[in-house]
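In: let me see the structure of the following:
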Amino acid sequence: MRERLLLRYSRIGFYLPFEGEMDMLPLLNQALRLGKSCYLPVVPRRFQKHLYFTRITARPSWYINRFGIHEHWSPRPIRASRLDLLFMPLVGFDEEGFRLGMGGGFYDTSLAFLGRRKIWRKPYLVGIGYENQKVKQVPRDPWDMPLDAALTEHQLYRFRRNTLSPI
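Out: Below is the predicted model:
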């Protein structure tokens, strides 16, 4: 199931695990072997919220950001709107596809443009977490962007018409 996601999309946003988040490195390495363009988020400077994404290169240049997370430096970062698929960490997700994050608002701000699109929706949003993080309902705000799917260690859920269904 995870492989189908990788095969379908070209520009894929990942993240590096932090504080107990699910490890994306095996999936990231698989995408790189498939020749996909893989990107990692860059946390913006203080008082800014828009994430940029940098493409992983053959000779990566790493540094640690203000939260203690490793980031990849690239001279040409892109916005989330240029990605085809975006894997996002989560603290929890609910049956309607809403995600609870760490509370920084970086993904919400970076994906706000999706709320203005009526038909075409890109990137495809996949929350990454553990099965025990699935709850009946997470707290929501008007700016929260629902997920298209959630991937746990057991299965991939796709969200349609406000229902949770395993693939």
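
In: got phi/psi on residue 30?
Out: Dihedral pair for residue 30: phi -60, psi -40, per degrees, to the nearest 10.

In: tally up the residues packed near it, please.
Out: 14 (other C-beta atoms under 10 Å). Placement of C-beta: from N, CA and C, glycine included.

In: residues in contact with the nearest residue to it once chain neighbours are set aside?
Out: The shortest distance from residue 30 to any residue other than its chain neighbours is 6.3 Å, reached at residue 6 (C-beta to C-beta, 6 or more residues apart in numbering). Residue 6 sits next to 12, 27, 30, 31, 34, 36 when contact means C-beta atoms under 8 Å, 6 or more residues apart in numbering.

In: okay, these in CSV with secondary structure, pLDDT and distance to residue 154 next?
Out: Formatted as CSV, these follow (DSSP: H, G, I helix; E, B strand; the rest coil; pLDDT from 0 to 100; distance: C-beta to C-beta, whole Å):
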residue, secondary structure, pLDDT, distance to residue 154
12, strand, 96, 22
27, helix, 93, 15
30, helix, 94, 19
31, helix, 95, 21
34, coil, 95, 23
36, coil, 96, 24
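
In: and the strands in this protein?
Out: Taking DSSP state E as the criterion, the chain carries its strands at 11-13, 37-42, 52-55, 61-64, 70-73, 85-89, 92-94, 99-100, 124-128, 134-135, 149-151, 156-160, 163-166.

In: and residue 123, how far from residue 153?
Out: Residue 123 sits 23 Å away from residue 153, going by C-beta to C-beta, to the nearest Å.

In: quick one: which of the two has more around it?
Out: residue 123 (22 against 10).

In: quick one: contacts for that one?
Out: With C-beta under 8 Å, 6+ apart, residue 123 has these contacts: 9, 11, 13, 80, 81, 83, 84, 85, 86.

In: mind running it again at 10 Å?
Out: Contacts for residue 123 (C-beta atoms under 10 Å, 6 or more residues apart in numbering) come out as 9, 11-13, 53, 80-88, 111, 114, 148.

In: roughly how far does it sit from residue 109?
Out: 15 Å.

In: how about residue 139?
Out: 17 Å.

In: got it, and residue 24?
Out: 21 Å.

In: how many residues are close by residue 93?
Out: Count around residue 93 with other C-beta under 10 Å applied: 27.

In: show me the contacts for it.
Out: 99-101, 127-129, 133-135, 138, 146-147, 149-150, 152, 157, 159, 164.

In: now the buried members of those.
Out: Buried members of the contacts of residue 93, scored by 16 or more other C-beta atoms under 10 Å, are 99-101, 127-129, 133-134, 138, 146-147, 149-150, 152, 157, 159, 164.
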